[in-house]
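A.B. asks: Kindly generate the corresponding structure for this input.
(4 chains)
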Number of protein chains: 4
Amino acid sequence: MLEEPFARIRASFAAQGLMQTFGAELTEISEGHAAIEAPITTDVSQQQGAAHAGVTFAIGDSAAGYAALSLMADDQEVMTAEMKIHLIAPATGEKLLAVGRVVKPGRRLFVAASDVWAISGAEHRHVATLLGTMVPVRA
Amino acid sequence: MLEEPFARIRASFAAQGLMQTFGAELTEISEGHAAIEAPITTDVSQQQGAAHAGVTFAIGDSAAGYAALSLMADDQEVMTAEMKIHLIAPATGEKLLAVGRVVKPGRRLFVAASDVWAISGAEHRHVATLLGTMVPVRA
Amino acid sequence: MLEEPFARIRASFAAQGLMQTFGAELTEISEGHAAIEAPITTDVSQQQGAAHAGVTFAIGDSAAGYAALSLMADDQEVMTAEMKIHLIAPATGEKLLAVGRVVKPGRRLFVAASDVWAISGAEHRHVATLLGTMVPVRA
Amino acid sequence: MLEEPFARIRASFAAQGLMQTFGAELTEISEGHAAIEAPITTDVSQQQGAAHAGVTFAIGDSAAGYAALSLMADDQEVMTAEMKIHLIAPATGEKLLAVGRVVKPGRRLFVAASDVWAISGAEHRHVATLLGTMVPVRA
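C.D. replies: Coordinates of the predicted model:
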C-alpha cells in the first residue's frame, strides 16, 4: 500500500496545537516548498486590530520548517535553531498566507525562508519575510 | 488626578487579542523593562508537546516592544520592524516568562532584546533569546 | 550638462577606504540593484585560506546598501541599521561577487538583501545570503 | 612541556590574513570570552570616514567565534553559520574593541554574541552588537 508522500508532514502539522488554535491549514506541500494559511480574527490581533506578529511568525516559521522537512530523511524531525522576521506592512485582511522554501539544504543545517501575504479578496499584500536556520534531528 | 504611569501600556496589552488567546499577562513594566508570562498548554503546543516557537516569539517580541514603548513619548506607539529569535532549549514546563529590555534607544529606531524562560516549579530554563529593531510611530 | 545618473553612488563607493583596501569594484548599479566584486587573496583570508566572513559581509552589505541608495532622493545617504548573513559554503576561488537588491522600499526604512557568489573560472558557488534594514539619512 | 592553554586559538588568529590586514590583535582569550582590537584608519573607512561596517563585523564575528572555540574540544574548529549585527552608533575614534561571549554552548550549535566599542582616549562608545550561530567542525 502506497503512503501519501508527505503523510508524516501532514501528521506533524495536525499535531501542532497552536496551528489548530489559529485555525491554520497546511494548503501545499512539495519537495522544498510548503504553504500555510490562517484567518485574521480578533483572537490573533495586536493592539491596532491587525494580525499580531506572533501569528505571522508562527505560520512563516512553520512553512519554512515544513519546506525543510520535506527534503529530510524519513526518520528525521526538524527544529528551528534561529529565525529572523521583517514586518513590512500591516497584516490586515481576511487571511494570512505563508509560503516557505529551502534556500540551502545541508547535512547538519538547512537555510530556509518564507514570505507572508495578507489576502483581502483579490489583493495580496506582502507583509513579512523570514529567513532562518533549521536543524534536522532524530525523530 | 494622577494617572498610573504605564496605564497606556497596560491598555495596549489588554487590547491585544492574541495575548488574551494565550492567557498571557503583563507582569512587570518599568522604564526600559517589561515582563510577560503565558501558560504552556496544549492549545499552544508544537508537534512534540512543547510550546510552539510562535508563542515564545509572540511574548518575547511583545516584552521587547513594551520595554521600548516605556521610553517613548506619550503620543507614540511602537512597531516591530524586524526581530530575531534563537530557540536554545525545548519550551516545556508550566509557563513561559519573557523579560524584555532596551539595548539602545533612539529617535528613529530602538534596539531591544528579550530572553524567555520556561518555568517548572522552582526551575527556570533559558529557552530563547530575541534581538530586534523597534520603530516609534505616531499613535 | 547631464550627469551620469548614479554618479553620487560611484563617488560614495570610491570614498570607501575599505573597498579600496579590498580591491573591490562597483560593477553594476541600476534602480534597486547593485553588484560589487572583490578578489580573494591571502590579504582577506580566514584561518583556512578561504575569504574571511568579514569580506563577504562587507561587499554583501555594501551591495544591499547601494541598491537601496539607488532608490533614495538625491539629498539622502544610506546607513545600515542591522544586517544578517548566512554563510552557506566556503568562499574559495578567484573572486567574490555580491549582488544586492531592494526587498521593500519605504519612507523611513528599506529592507534590502544580497547574495554572494565565489567565482572560479566558469563556476559560481553561492556562498552567502544577507538580509537587513537600511535607513535613509540626510547626507 | 606544558602548552599555553589557548595556543591553538592564538595560532588560528595569526593565520587570518584579514586580521593582519586590519592590524587587529587578539587581546584577551579565556573560557567563553575573547577580545579583539583594531585601529580605525582610512584603510578601513566607509564613505563618511568612520570605520566600515565590514571591519566592525569582522572583529565582532571573530571575537564571538573564538569565545565559542575556547569551549570546544581540541580537535574542533569553529565556523560561523549565521550572524546578525546592529550598528548603533558611528564607529569613529582611535580603535575598535570587540568583546565576544558564549550565550549557549551546545554539542551541535553554539549561540555566541559580541559587542563592539569605539575608543577615543578615555571614551568608550558602544557601536555595535552581534548575535549568531557557531558550528563546531572537525579541524
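
A.B. asks: CA atoms for contacts and neighbours, from now on please.
C.D. replies: Noted.

A.B. asks: What is the three-state secondary structure of A:Ala81?
C.D. replies: For A:Ala81, the assignment made with DSSP: H, G, I helix; E, B strand; the rest coil gives strand.

A.B. asks: Against D:Pro136, how distant is it?
C.D. replies: 15 Å (Cα to Cα, to the nearest Å).

A.B. asks: Ok, A:Ala15 next?
C.D. replies: Computed as Cα to Cα, the A:Ala15 to D:Pro136 distance reads 33 Å.

A.B. asks: between these two, who's got more neighbours?
C.D. replies: Neighbour count, other Cα atoms under 10 Å in any protein chain shown: between A:Ala15 and D:Pro136, D:Pro136 has more, with 22 against 17.

A.B. asks: Now that one: phi and psi?
C.D. replies: Note on D:Pro136: backbone dihedrals following degrees, to the nearest 10 are phi -80, psi 130.

A.B. asks: what about the residue nearest to it when sequence neighbours are not counted, helix or strand, and which?
C.D. replies: Leaving aside its chain neighbours, D:Pro136 sits nearest to D:Val78 (4.7 Å; criterion: Cα to Cα, 6 or more residues apart in numbering or on different chains). Per DSSP states H and E, D:Val78 falls inside strand D:76-87.

A.B. asks: Quick check: buried residues in that strand?
C.D. replies: Residues of strand D:76-87 classed as buried: D:77-87 (neighbour count, 16 or more other Cα atoms under 10 Å in any protein chain shown).

A.B. asks: what's the very next helix or strand once past that strand packed up against?
C.D. replies: Sequence-wise, the next helix or strand downstream of strand D:76-87 (DSSP H and E) is strand D:95-104. Counting contacts by 3 or more Cα pairs under 8 Å, 6 or more residues apart in numbering or on different chains; DSSP states H and E, strand D:95-104 is packed against strand D:33-39, helix D:53-69, strand D:110-120.

A.B. asks: Could the C-alpha coordinates of stretch A:75-90 be exported in CSV?
C.D. replies: Extracted in CSV, the C-alpha atoms of stretch A:75-90 (Å, rounded to 0.1, in the frame of the first residue of the first chain):
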residue,chain,number,x,y,z
ASP,A,75,13.5,9.3,10.4
GLN,A,76,14.3,13.0,10.9
GLU,A,77,12.4,15.8,12.5
VAL,A,78,13.1,19.5,12.1
MET,A,79,13.8,22.1,14.7
THR,A,80,14.2,25.9,14.2
ALA,A,81,17.6,26.9,15.6
GLU,A,82,17.0,30.6,14.8
MET,A,83,14.7,32.7,12.7
LYS,A,84,14.5,36.3,11.6
ILE,A,85,11.4,38.2,10.5
HIS,A,86,10.9,41.6,8.8
LEU,A,87,7.4,43.0,9.3
ILE,A,88,7.0,45.2,6.2
ALA,A,89,3.3,46.1,6.1
PRO,A,90,0.3,45.8,8.5
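
A.B. asks: Just give me how far it sits from the chain centre.
C.D. replies: How far stretch A:75-90 lies from its chain's middle: 8 Å, per Cα atoms, centre = their mean, to the nearest Å.

A.B. asks: Report the mean per-residue pLDDT for it.
C.D. replies: Stretch A:75-90 shows a mean pLDDT of 96.

A.B. asks: Do stretch A:39-51 and chain B come into contact?
C.D. replies: Yes. Contact between stretch A:39-51 and chain B, assessed by Cα under 8 Å from any Cα of the partner chain, occurs at A:42-49.

A.B. asks: show me what contacts A:Arg10?
C.D. replies: Listed by Cα atoms under 8 Å, 6 or more residues apart in numbering or on different chains, the contact set of A:Arg10 reads A:Leu26.

A.B. asks: buried ones in the helix or strand of chain A with the lowest mean pLDDT?
C.D. replies: Within chain A, no helix or strand scores below helix A:7-14, which has a mean of 94 by mean pLDDT, DSSP states H and E. Neighbour counts over helix A:7-14 (16+ other Cα under 10 Å) mark A:9-10, A:13-14 as buried.

A.B. asks: so which of the residues you listed comes closest to chain C?
C.D. replies: Comparing the buried residues of helix A:7-14 against chain C with Cα to the nearest Cα places A:Ile9 closest, at 25.7 Å.

A.B. asks: Now do the same contact list for the closest one.
C.D. replies: Residues near A:Ile9 by Cα under 8 Å, 6+ apart: A:66, A:69-70.

A.B. asks: In TSV, list those along with neighbour count and distance to D:Glu25.
C.D. replies: Shown next, in TSV, are those (neighbours: other Cα atoms under 10 Å in any protein chain shown; distance: Cα to Cα, whole Å):
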residue	neighbour count	distance to D:Glu25
A:Tyr66	33	44
A:Leu69	27	42
A:Ser70	23	45
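
A.B. asks: and which of those is nearest chain B?
C.D. replies: Nearest member of the contacts of A:Ile9 to chain B, counting by Cα to the nearest Cα, is A:Tyr66, at 11.8 Å.

A.B. asks: Flag the shaky bits of chain A, pLDDT-wise.
C.D. replies: For chain A, residues meeting the criterion pLDDT under 70 lie at A:1-3.

A.B. asks: For A:Gly93, see how far away A:Thr42 is.
C.D. replies: The gap separating A:Thr42 from A:Gly93 is 12 Å, by Cα to Cα.

A.B. asks: can you check A:Ala73 too?
C.D. replies: A:Ala73 is 37 Å from A:Gly93, by Cα to Cα.

A.B. asks: more crowded one of the two?
C.D. replies: Neighbour count, other Cα under 10 Å: between A:Ala73 and A:Gly93, A:Gly93 has more, with 19 against 11.

A.B. asks: I'd assumed A:Ile119 was in contact with that one.
C.D. replies: Yes. Applying Cα atoms under 8 Å, one finds A:Gly93 in contact with A:Ile119, separated by 5.6 Å.

A.B. asks: List the buried residues for stretch A:99-109?
C.D. replies: So for stretch A:99-109, counting by 16+ other Cα under 10 Å, buried means A:99-105, A:109.

A.B. asks: Could you pull up the contacting residues of the residue nearest in space to the middle of chain A?
C.D. replies: For chain A, the residue nearest the mean C-alpha position is A:Ala63 (2.2 Å; Cα atoms, centre = their mean). By Cα under 8 Å, 6+ apart, the contact list for A:Ala63 reads A:33-36, A:98-101, A:114.

A.B. asks: which two in those residues are spaced the farthest apart?
C.D. replies: A:Ile36 and A:Arg101 (11.9 Å; Cα to Cα).

A.B. asks: That concludes my questions; thank you for your assistance.
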